[in-house]
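Chemist: Need the 3D shape of this:
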Amino acid sequence: MEKVVYEWFLEYQDQVNITGEEIFEKAKDAMELLYPQQPLDS
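Modeler: Modelled structure (predicted):
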């Protein structure tokens, strides 16, 4: 999961200003895709 978020970060870091909140949301999206049966606490 960390690799997916890291690769996304590397791809977009030069194009836009990425905030910590955006990284958190991307990580949450990745977790939902990788582990669809486990509920996430927000």
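
Chemist: Packing partners of the helix or strand of the chain with the lowest mean pLDDT?
Modeler: When the helices and strands of the chain are compared on mean pLDDT, DSSP states H and E, helix 2-12 comes out lowest with a mean of 85. Helix 2-12 is packed against helix 20-34, with contacts defined by 3 or more CB pairs under 8 Å, 6 or more residues apart in numbering; DSSP states H and E. C-betas here are computed from N, CA, C, even on glycine.

Chemist: now the helix it packs on against helix 2-12, angle please.
Modeler: Between the axis of helix 20-34 and that of helix 2-12 there is an angle of 130 degrees, by axes from the mean of the first three to the mean of the last three CA atoms, to 10 degrees.

Chemist: how about Pro39, secondary structure?
Modeler: Under the three-state scheme (DSSP: H, G, I helix; E, B strand; the rest coil), Pro39 adopts coil.

Chemist: dump the residue contacts of it.
Modeler: Residues in contact with Pro39 (CB atoms under 8 Å, 6 or more residues apart in numbering): none are found.
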